[in-house]
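Q: fold the following for me, if possible:
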Amino acid sequence: MKIWRARLFTLLLSCMPCLGFAQASSSSAPTPASAPPIQVHVYLDANGPLIQGETASIKVDMLTSSFFSDAPDMPELHVDGAYLKLSDETPGHLVDNIDGNSWSGVSRTYLLTSLVSGELEIPGFQITARVGPQQTPVAMQTKPLMLHVKRLVLPAGVDTALIARSVKLTQTITPKDSALHVGDTIIRRIEITADGAPAMLLPPITFKPVDGLELYPSPPQTHDVVGNQGGFLGGSRVDSVSYVIQRRGRYSLPPISVRWMDNQTHEWHESRVPGASFHAWWSSPAKPRFALPQQGFMPRLLEWFSSDLGIVVLLLLGLGLAGWWFRDRVTRARNRWRAWRDRRRHSERAAFVAIKRKQQGTSAATFAAAVDVWVRRAALEGAPLTMSDWCSRYGDADLRAQWTALQSSLYGNPSEAWSKKAIVDGIGRARKQWLGARRMAKRDVALPPLNPV
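A: Numbering: from 1, shown residues only. As a prediction, this is how the structure comes out:
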């Protein structure tokens, strides 16, 4: 019995160091209850309902009763039917009082643009952070966020939806001077700045081809615009193209416009930049910075004469020499043209046309004077000398009656009515007979007798 008690006492003494080591190990390991508490809130920051194509902010507020020793690690999210990107803006600092205790933290922003309408779910995601002076790692899981997206109806002629608070287009064309030649390059730069829309969603600028210009587009440049306080403001996109002039002529670059919708009033607007026009001359001679040793006076002179200015000077010299050489012929031709113009102005035909024009709105004396001018000009060509001779030789009874009534109204007692139109028509018939008789007379004189004696 004494031997058994001695063995039991020896066994208990040997187990005591092991029990002490196990107790020390369990007290040194941290427990989940020792980590500071964390709260995470995910919500949509928008003034109204979300519209398809509109960019809104999803805020993620992270609070702790201690402090974050490092910036929380935010994951990149991927949602089908939506463009979701973590904003580059500076995290905002939060301070709140919960149950009488002071909580602090940070806020991050995801930019969300829904490409489809209907119900959209933002699944829960995990955030990793280090909290407290011991930099204890903590993993936080957010709750899913359900959103309802209204359908957007595009107006006619609009292919892409750009929704923003404001959209501005800026154009830069270089070079600005008008001394352009074949082979020169013109760069057209269009910048779109949208307030409230990320740069990734800004529509590309389409540069239409221009006949005679070779088009070389450049890769676009996009970046988001951040304010002085670190908040997201909008996006910027720069599209540029180079036009290489292929031939001489005048060119016009078409205006460019972008349709967009105001996210506050939901009204459609149009931002545009005007077109530009320029003229390109022939190729200009090369102007090296340093003169080459083998390039003497004659090569430079030939290059100058092959330029636009040299060709214009040669043309002016040629025209001046031709004018001086043919000055006598030019003078005779000008005199002949002036004589022909005077004959045409004072011809019988011009006087007859003047009678027709004076049928309306003229007095009887003015009309009779116009008829007298026609009779005198026709007499120079072999016609009767007076209107009475015209009436008796070529006129009919109606013309004689109308002319007698006109003379009575001018110099006697008007007894019968007369008409200017009737007189003009009668003179026209008489003139036609006179012209026919004159043509027959010229034909008889031109043909000799068939059987001359």
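
Q: touching the helix or strand harbouring I192 from outside, list them.
A: When elements are defined using DSSP states H and E, I192 is found to belong to strand 185-195. Outside strand 185-195, the residues that touch it by C-beta atoms under 8 Å, 6 or more residues apart in numbering are 162, 164-175, 180, 202-203, 205, 207, 213, 225, 233-245, 253, 256, 258, 260, 273, 276, 278. For the C-beta atoms, the positions are set from N, CA and C on the backbone; glycine is no exception.

Q: mind running it again at 7 Å?
A: With contacts defined as C-beta atoms under 7 Å, 6 or more residues apart in numbering, strand 185-195 is touched by 162, 164-174, 202, 205, 233-244, 253, 256, 258, 273.

Q: just the buried members of those?
A: Among those, those classed as buried by 16 or more other C-beta atoms under 10 Å are 162, 164, 166-167, 169, 171, 202, 205, 233-243, 253, 256, 258, 273.

Q: R377 contacts R349, doesn't it?
A: No. The pair R377 / R349 is not scored as a contact, 9.0 Å apart, by C-beta atoms under 7 Å.

Q: more crowded one of those two?
A: Set R377 next to R349 and count neighbours by other C-beta atoms under 10 Å: R377 wins out with 18 against 13.

Q: where's the more buried one relative to V371, distance?
A: Distance, R377 to V371, by C-beta to C-beta, to the nearest Å: 11 Å.

Q: next: R336.
A: From R336 to V371 the distance is 32 Å (C-beta to C-beta).

Q: picking that back up, skip ahead from the strand holding I192 and say which helix or strand is next.
A: strand 213-217.

Q: what strand or helix carries R443?
A: R443 belongs to helix 420-446, assigned by DSSP H and E.

Q: domains in this structure, by residue range?
A: 34-150, 163-281, 344-446 (automatic domain parsing).

Q: which one of these lies nearest to F326?
A: Among those, domain 344-446 comes nearest to F326, with 25.4 Å by C-beta to C-beta.

Q: quick one: distance of that closest one to the chain centre.
A: Distance of domain 344-446 from the chain centroid (C-alpha atoms, centre = their mean, to the nearest Å) equals 64 Å.

Q: in space, what's closest to S104 - neighbours in sequence excluded?
A: With C-beta to C-beta, 6 or more residues apart in numbering as the criterion, S104 has its nearest non-adjacent residue at 5.3 Å, and that residue is V95.

Q: wasn't that neighbour part of a helix?
A: No. Going by DSSP: H, G, I helix; E, B strand; the rest coil, the assignment for V95 is strand, not a helix.

Q: that one is in contact with S107, isn't it?
A: No. At 11.1 Å, V95 and S107 do not qualify as touching, with contact defined as C-beta under 7 Å.

Q: please say which of these two ends up with more neighbours.
A: S107 (16 against 9).

Q: straight-line length of stretch 153-160, end to end?
A: 11 Å (C-alpha to C-alpha, to the nearest Å).

Q: stretch 144-161 too?
A: Its start and end residues considered, stretch 144-161 measures 27 Å (C-alpha to C-alpha).

Q: mind listing what's buried along it?
A: Under 16+ other C-beta under 10 Å, the buried positions of stretch 144-161 are L147, V149, V158, A161.

Q: same question for stretch 107-125.
A: By neighbour count on 16+ other C-beta under 10 Å, the buried set for stretch 107-125 is S107, R108, T109, Y110, L111, L112, T113, S114, S117, L120, I122, F125.

Q: what's the most distant pair in those residues?
A: Greatest spacing in the buried residues of stretch 107-125, by C-beta to C-beta: S107 and S117 (28.4 Å).

Q: next one: whatever helix or strand M146 lives in to chain centre, how far?
A: Element membership for M146, per DSSP H and E: strand 145-150. Relative to its chain's centre, strand 145-150 lies at 37 Å (C-alpha atoms, centre = their mean).

Q: likewise stretch 184-197?
A: Its chain's average C-alpha position is 12 Å from that of stretch 184-197, according to C-alpha atoms, centre = their mean.

Q: check stretch 145-160 too.
A: Distance, centroid of stretch 145-160 to centroid of chain: 26 Å (C-alpha atoms, centre = their mean).

Q: list the contacts of it.
A: Stretch 145-160 has contacts (C-beta under 7 Å, 6+ apart) with 42, 44, 49-53, 114, 116-122, 161, 203, 259, 268.

Q: so which residues of the stretch 251-400 of the chain form helices?
A: Secondary structure of the stretch 251-400 of the chain (DSSP state H, counting those that start in this stretch): helices at 297-305, 308-325, 327-345, 348-357, 364-379, 387-393, 397-411.

Q: wait, what's in contact with the residue nearest to P220 when sequence neighbours are not counted?
A: With sequence-adjacent residues excluded and distances taken as C-beta to C-beta, 6+ apart, P220 is closest to D239, at 5.1 Å. D239 makes contacts with I190, P204, I205, P220, as judged by C-beta under 7 Å, 6+ apart.

Q: now D239: how far from L202?
A: 9 Å.

Q: now do S104
A: Distance from S104 to L202, by C-beta to C-beta: 37 Å.

Q: can you report how many residues lie near R443?
A: R443 has 9 neighbours, counted by other C-beta under 10 Å.

Q: okay, it: pLDDT?
A: At R443, the model reports a pLDDT of 73.
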